[in-house]
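K.L.:
dropping a prediction and its sequence here:
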Amino acid sequence: MISDLNTSQRELAEYMSYLSERAYSGSWMSGLEFELWRVMNNEIVKYGRLEVTEEIIAKLKDLSSKAKGWIVFDDNYEEVHVSWELWYKLIDDK
């Protein structure tokens with residue numbers, strides 16, 4: 001849950017949710033964490049209605065660096081922080 005996240009993690013989760021709202025008018029679209037990962041790594045230039053800018057990429061990099069990981073959505077716990085180690089395992093399995 002977002003209330004379980006520390007300040008840096010919460011800032012990342014809130015920014016990811018903000019981008020989801022801009023792209024699809026939904027607070028956390030299914031697969032958002034994977035799509036924003038692609039955004040951050042310059043793999044896509046548009047996500048829904050969201051035009052990817054260098055500022056968006058830089059902010060995702062900065063916030064994820066401060067959070068020391070990434071945010072994923074869990075059906076039971078909602079927004080959950082995962083370490084980089086766990087995140088890389090998740091994307092390798094996808």
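P.N.:
Noted; the coordinates are in hand.

K.L.:
show me the contacts for the closest residue to Met29 other than its chain neighbours.
P.N.:
Nearest residue to Met29 in three dimensions, chain neighbours excluded: Ser20, at 5.0 Å (C-beta to C-beta, 6 or more residues apart in numbering). All C-beta atoms are positioned from the backbone trio N, CA, C, and that covers glycine. By C-beta atoms under 8 Å, 6 or more residues apart in numbering, the contact set of Ser20 is Gly26, Ser27, Trp28, Met29, Leu32.

K.L.:
what about burial for those, which qualify?
P.N.:
Trp28, Met29, Leu32 (16 or more other C-beta atoms under 10 Å).

K.L.:
show me those residues that map onto helices.
P.N.:
Using DSSP state H, the subset of the buried ones among the contacts of Ser20 located in helices is Leu32.

K.L.:
and the buried ones among the contacts of Ser20, which is closest to Phe73?
P.N.:
Phe73 lies nearest to Trp28 out of the buried ones among the contacts of Ser20, by C-beta to C-beta, at 5.2 Å.

K.L.:
is it true that that closest one touches Tyr15?
P.N.:
No. Contact criterion C-beta atoms under 8 Å: Trp28 and Tyr15 do not qualify, at 12.0 Å.

K.L.:
any idea how far the residue nearest to Met29 lies from Gly31?
P.N.:
Note on Ser20: its distance to Gly31, by C-beta to C-beta, to the nearest Å, is 10 Å.

K.L.:
any buried residues in the helix or strand hosting Ser8, and which?
P.N.:
Ser8 is part of helix 7-24 when elements are defined by DSSP states H and E. Buried residues in helix 7-24, counted by 16+ other C-beta under 10 Å: 8-17, 19-20, 23-24.

K.L.:
what do you get for stretch 71-83?
P.N.:
Under 16+ other C-beta under 10 Å, the buried positions of stretch 71-83 are Ile71, Val72, Phe73, Glu79, Val80, His81, Val82.

K.L.:
then stretch 60-74?
P.N.:
Buried-residue list, stretch 60-74, by 16+ other C-beta under 10 Å: Leu60, Leu63, Ser64, Ala67, Gly69, Trp70, Ile71, Val72, Phe73.

K.L.:
quick one: contacts for Glu21?
P.N.:
By C-beta under 8 Å, 6+ apart, Glu21 lies in contact with Ser27.
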